[in-house]
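Trainee: sharing a model that was predicted from the sequence below.
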Amino acid sequence: MDQPMHISRQASVESLRAFIDAGGYAPGDRLPAERDLISALGMSRTTLRKALDSLEREGLIWRHVGKGTFLSEPKAAEPGLPDIGHHLTPVKVMRARLSIEPAIAREAAVNASGQAVAQIMRAVEFCEQAETWAEYETHDDAFHHAVAVASDNLLLVTLYDQMNKVQRNVAWRRVVRDSIRPPRSHTSFEEHRNIAAAVEARDPMAAHDAMRRHIGSVSARLFGEI
C-alpha cells in the first residue's frame with residue numbers, strides 16, 4: 001500500500017479546496033469521511049486535519065462531531081470597519097485586549113460545550129507545532145477565536161473578531177522576529193494551556209486570570225509594560 005505523501009500546509013489546503021470545487025458540492029452537503037479524503041488526496045491524517053482546520057477558519061466548511069464535515073453557506077459581505085488604526089498605538093490595542101479578553105475567557109469557562117473545549121485544545125496543539133511565526137500567528141488567532149466561540153455569545157465573538165482585525169493592522173505589523181519559528185520555551189505555549197485548562201475545568205476566575213496574565217505577558221514582551 002502506498003504511503004501518503006508529505007506536502008506543505010499551503011499545498012494541502014489548496015489540494016483540499018480544489019477537491020471540493022471539483023466535487024460540485026453545494027452548501028450544506030457533507031464531505032466524504034476522513035479515510036476517503038486521505039485516500040483521494042494522498043495525504044496523511046494529520047495533514048488532512050490541518051487543512052480542514054484552515055478551511056474551517058476561512059468559513060468554507062463547518063464540522064459537527066459525530067456527523068461529519070459540511071460545506072458552509074456563503075457569507076454575506078461584512079460591513080467595513082471604521083478606519084481607526086491611525087488613531088491607535090500597539091499599547092492601546094493591547095490595553096483594549098486586556099480589558100475585553102479576560103472577560104471573554106470567563107464566559108467561556110461558564111458556557112463552553114465539550115466540542116468548544118476540544119477546539120480550544122486543538123488550537124493549543126497547533127500553536128506548539130507551528131514551523132514559522134506566520135503559521136503560529138494564524139493558530140494563535142484560532143486559539144483566541146475558539147475561546148470567544150466557547151463563550152456561546154455571538155456579540156463577544158464578533159467583538160473579538162473586530163478587535164483582532166484592528167490588532168493585526170496596528171500591532172503585529174510592527175513586530176520584528178529574531179527567529180524563524182517560536183522557540184520551544186515560548187511562554188505563550190504554557191499560558192495557552194493554562195487558559196484552556198481553566199475553561200475545561202469550568203473555573204471562570206481562573207480562566208479570567210490566566211487570560212489576563214497571557215495578554216499582559218505578550219504585551220510586555222513585544223511592546224513593554226502596559
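Mentor: Great, that's in hand. Numbers count the residues shown, from 1 in each chain.
Trainee: if I read this right, R97 contacts L159, doesn't it?
Mentor: No: assessed by Cβ atoms under 8 Å, R97 is found out of contact with L159, at 11.0 Å. For glycine as for every other residue, the C-beta is placed from the backbone atoms N, C-alpha and C.
Trainee: more neighbours: those two, which one.
Mentor: Neighbour count, other Cβ atoms under 10 Å: between R97 and L159, R97 has more, with 25 against 16.
Trainee: could you look up the SS state of that one?
Mentor: helix (DSSP: H, G, I helix; E, B strand; the rest coil).
Trainee: list the contacts for it?
Mentor: R97 makes contacts with M163, Q167, I215, S219, as judged by Cβ atoms under 8 Å, 6 or more residues apart in numbering.
Trainee: separation between it and V170?
Mentor: When Cβ to Cβ, to the nearest Å is the yardstick, R97 and V170 sit 11 Å from each other.
Trainee: check the offset of stretch 149-156 from the chain's centre.
Mentor: 14 Å (Cα atoms, centre = their mean, to the nearest Å).
Trainee: which of the residues in it are buried?
Mentor: Buried residues in stretch 149-156, counted by 16 or more other Cβ atoms under 10 Å: V149, A150, S151, N153, L156.
Trainee: and if you look at stretch 45-61?
Mentor: 47-57, 60-61.
Trainee: in these, find the pair that's most separated.
Mentor: T47 and L60 (17.2 Å; Cβ to Cβ).
Trainee: give me the most central residue, this structure.
Mentor: By Cα atoms, centre = their mean, the chain has its centre lying nearest to A142, at 0.6 Å.
Trainee: name the helix or strand for it, please.
Mentor: helix 133-150 (DSSP states H and E).
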